[in-house]
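S.K.: Would you be able to build a 3D model of this:
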Amino acid sequence: MPSANSIVIVRPTARLRGTLQVPGDKSVSHRYAMLAALAHGVSRISGYAPGADCAATLDCLRALGVAVRHEDAATIEISGRGPRGLLQPTGPLDARNSGTTMRLLSGVLVAHALEVELVGDASLSRRPMRRVIEPLCRMGGRIAAAGGDLPPLRISPPAHGVLSGIDYELPVASAQVKSAILLAGLQAQGTTVVREGVPTRDHTERALRAFGVELDAAAGRISIRGGQRPLACALKIPGDSSSAAFLGVAAAALPGSEVWITGVGLNPTRTGWLDVLERAGARIDRDVGGDTGGEPSGTIVVRHGGLGAIRVESAEVPGIIDELPALGALATHGGEIHVTGASELRAKESDRITALVTGLRALGADAEELRDGFIVRGSRRLAGGTADAAGDHRLAMAFAIAALGAREACTITGADAVGVSYPGFFRALEELRA
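M.R.: Below you'll find the predicted structure:
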């Protein structure tokens, strides 16, 4: 039986209004923590993401001998051990539900003379890892996995004592795989080049530069010279754009809504969801007001402006992969969304295509599952019902957005999954009710 805090009832509302800040960016938090661990000196990071995924990264680093001190809830100090300076852990490293922790930390650890086992929860243990294992092993790393693809990952010292740089073209657009290769390349001999046909999030490239590492990035080609020594620094993490997207989409969905989100990251590789909202009819204002560690930040204002039919195809998917469940929920309020080229959704915390469509249908939506995407038509108002978030934080938030426009209150089971990225999501949603 689900626990009481895993069930949330979301009541319909006429509109949303207000100003808020979202927690620190999850993707940036992971990267800053890992680079701080490889740096020389003490790094001070403020705005560190509060969710369970980023906590898993810190716990793994502690197990590897890294001193992590919490100054307050969102500010940490990390004492770096330098490249290839991590220590042998006494047991398995538990990434819990965090694919970013497992994939990026593999790139860090594969250069070390350590025997390490990376494990995760049941969901993470079903997620494919071959795409990161293959390039890291080509560099001379040694990683064993169940069936060559699934966690746990058993990492051994490099075959020749040290990694060698490679020139690698990503077969599937993936910021996590790109990042793992670059983190390994930082600790390898020679130069490592990663080529991507479709641009993905560039947080790792920006973070490397913030820690004093030189790299070249242009026209789908990123290269890094091995042997560089990251330098400790003080950095502030902006608000998480993906978390902001769920509240921004909610504002776009409801007539009369206006939501201001301040201090949020405006990295152009993360704001594609705003472009999609504008195509759907929303009125968007963006104001870049700062830059720290190369990450632009500022204020987003989202106002309802109508809902039309939109299409999202493969070229656009990598930049909005985490926001697609929210955009699917948007279409339950009117208009239509047709998403293709998004088969990567099936390898997230859940099979987000099946689970999204199933959950929206349970609330009364006209939704259709495709092999590599989905269609949601806003042809009727949701009746209400119960949707299962399938242990997935993005789905729990998406179903809440859909529920705002239903005729009756909706129940979301597995709602405590929001703790992975945005523990205060439901409270923030309530505070915006006008």
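S.K.: so what's the nearest residue to residue 252 once chain neighbours are set aside up against?
M.R.: Nearest non-adjacent residue to residue 252, counting by CB to CB, 6 or more residues apart in numbering: residue 282, 3.7 Å away. Placement of C-beta: from N, CA and C, glycine included. Under the criterion of CB atoms under 8 Å, 6 or more residues apart in numbering, the contact list for residue 282 reads 251-252, 302-306.
S.K.: Domain ranges for this protein, per the record?
M.R.: 4-24+238-431, 26-230 (automatic domain parsing).
S.K.: The residue of the chain most remote from its centre: helix or strand, and which one exactly?
M.R.: Note on the chain: the largest C-alpha distance from the chain mean falls to residue 160, namely 33.6 Å (CA atoms, centre = their mean). Residue 160 belongs to no helix or strand when elements are defined using DSSP states H and E.
S.K.: Phi first, then psi, for it.
M.R.: phi -110, psi 20 (degrees, to the nearest 10).
S.K.: which phi and psi does the nearest residue to residue 410 once chain neighbours are set aside have?
M.R.: Counting by CB to CB, 6+ apart, residue 403 is the residue found nearest to residue 410 once chain neighbours are left out, at 3.6 Å. Main-chain torsions, residue 403, degrees, to the nearest 10: phi -60, psi -20.
S.K.: So for the host helix or strand of residue 264, mean pLDDT?
M.R.: Element membership of residue 264 [criterion: DSSP H and E] is strand 258-265. Averaged across strand 258-265, pLDDT comes to 98.
S.K.: my guess is residue 177 is in a helix, correct?
M.R.: Yes: under DSSP: H, G, I helix; E, B strand; the rest coil, residue 177 falls within a helix.
S.K.: That one contacts residue 136, correct?
M.R.: No: in this structure, residue 177 is not within contact of residue 136 by CB atoms under 8 Å, at 9.3 Å.
S.K.: Stretch 408-426: which residues count as buried?
M.R.: 410-423, 425-426 (16 or more other CB atoms under 10 Å).
S.K.: what packs against the helix or strand bottoming out on mean pLDDT in the chain?
M.R.: In the chain, no helix or strand scores lower on mean pLDDT, DSSP states H and E than strand 283-292, which sits at a mean of 92. Secondary-structure packing of strand 283-292 (3 or more CB pairs under 8 Å, 6 or more residues apart in numbering; DSSP states H and E): helix 272-280, strand 295-303.
S.K.: helices or strands up against the first one?
M.R.: Looking back up the chat, that one is helix 272-280. Counting by 3+ CB pairs under 8 Å, 6+ apart, helix 272-280 packs on helix 241-253, strand 283-292, strand 309-312, helix 317-320, helix 324-330.
S.K.: pLDDT averaged over it - what is it?
M.R.: The model assigns helix 272-280 a mean pLDDT of 97.
S.K.: and that helix, how far out from the chain's middle?
M.R.: 19 Å (CA atoms, centre = their mean, to the nearest Å).
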